[in-house]
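> Everything below, folded, please.
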Amino acid sequence: MSSQVAKQHAEKQEVIKVKDSDLPLHCPMPEQTLWNQHPRVFMAFDNDGRASCPYCGNRYQLIK
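Prediction:
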(Lines give C-alpha, C1' and ligand atoms only; values in the text may rest on other atoms or scores of the structure.)
Protein backbone atom coordinates (compact mmCIF):
# COMPACT_ATOMS: atom_id res chain seq x y z
CA MET A 1 0.00 0.00 0.00
CA SER A 2 1.47 3.32 -1.01
CA SER A 3 1.78 6.06 1.58
CA GLN A 4 -0.85 8.15 -0.23
CA VAL A 5 -3.34 5.25 -0.25
CA ALA A 6 -2.57 4.52 3.40
CA LYS A 7 -3.18 8.17 4.28
CA GLN A 8 -6.52 8.19 2.45
CA HIS A 9 -7.49 4.95 4.19
CA ALA A 10 -6.62 6.43 7.60
CA GLU A 11 -8.65 9.57 6.84
CA LYS A 12 -11.75 7.44 6.17
CA GLN A 13 -11.43 5.47 9.39
CA GLU A 14 -13.54 6.38 12.35
CA VAL A 15 -11.75 7.74 15.41
CA ILE A 16 -11.90 5.33 18.34
CA LYS A 17 -12.65 7.16 21.58
CA VAL A 18 -10.83 5.88 24.66
CA LYS A 19 -11.14 6.72 28.35
CA ASP A 20 -8.61 6.74 31.16
CA SER A 21 -9.85 3.27 32.11
CA ASP A 22 -8.62 1.99 28.69
CA LEU A 23 -5.03 3.01 29.42
CA PRO A 24 -2.33 2.03 28.71
CA LEU A 25 -3.53 2.21 25.10
CA HIS A 26 -2.54 -0.57 22.78
CA CYS A 27 -3.64 -1.64 19.35
CA PRO A 28 -5.33 -3.91 18.55
CA MET A 29 -7.93 -3.39 21.26
CA PRO A 30 -9.41 -6.52 22.89
CA GLU A 31 -12.78 -6.11 21.14
CA GLN A 32 -11.31 -6.09 17.62
CA THR A 33 -11.91 -9.17 15.49
CA LEU A 34 -9.17 -11.77 15.22
CA TRP A 35 -8.80 -11.72 11.43
CA ASN A 36 -7.35 -8.20 11.35
CA GLN A 37 -5.06 -8.22 14.36
CA HIS A 38 -1.38 -7.40 14.21
CA PRO A 39 1.34 -7.48 16.87
CA ARG A 40 0.32 -5.48 19.94
CA VAL A 41 1.81 -2.02 19.98
CA PHE A 42 1.51 0.49 22.83
CA MET A 43 0.99 4.11 21.84
CA ALA A 44 1.54 7.51 23.38
CA PHE A 45 -0.88 10.40 22.94
CA ASP A 46 0.10 13.74 21.46
CA ASN A 47 -0.69 17.04 23.23
CA ASP A 48 -4.23 16.98 21.83
CA GLY A 49 -4.96 13.48 23.16
CA ARG A 50 -4.60 11.76 19.78
CA ALA A 51 -2.72 8.60 18.86
CA SER A 52 -2.42 6.57 15.67
CA CYS A 53 -1.39 2.96 15.19
CA PRO A 54 1.69 2.56 12.98
CA TYR A 55 0.51 -0.88 11.78
CA CYS A 56 -3.13 -0.44 10.80
CA GLY A 57 -3.70 3.32 10.98
CA ASN A 58 -6.43 3.14 13.64
CA ARG A 59 -6.88 6.59 15.13
CA TYR A 60 -7.60 7.10 18.82
CA GLN A 61 -8.83 10.09 20.80
CA LEU A 62 -8.51 10.31 24.57
CA ILE A 63 -11.77 11.55 26.13
CA LYS A 64 -11.32 13.46 29.37
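> Show me the strands in this protein, by range?
Secondary structure of the chain by DSSP state E: the strands cover 15-18, 26-27, 41-42, 50-52, 59-62.
> could you dump these to CSV with mean pLDDT and mean neighbour count?
C-beta here means a position set from N, CA and C on the backbone, and glycine is covered the same way. Below are these laid out as CSV (pLDDT from 0 to 100; neighbours: other CB atoms under 10 Å):
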stretch, mean pLDDT, mean neighbour count
strand 15-18, 94, 14
strand 26-27, 92, 18
strand 41-42, 94, 12
strand 50-52, 97, 16
strand 59-62, 96, 16
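> Output these as JSON lines; include the columns distance to Leu34.
Compiled in JSON lines, these are given as follows (distance: least, CB to CB, whole Å):
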{"stretch": "strand 15-18", "distance to Leu34": "17"}
{"stretch": "strand 26-27", "distance to Leu34": "14"}
{"stretch": "strand 41-42", "distance to Leu34": "17"}
{"stretch": "strand 50-52", "distance to Leu34": "22"}
{"stretch": "strand 59-62", "distance to Leu34": "20"}
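> what residues are up against Arg59?
By CB atoms under 8 Å, 6 or more residues apart in numbering, Arg59 lies in contact with Ala10, Gln13, Glu14, Val15, Ile16, Arg50, Ala51, Ser52, Cys53.
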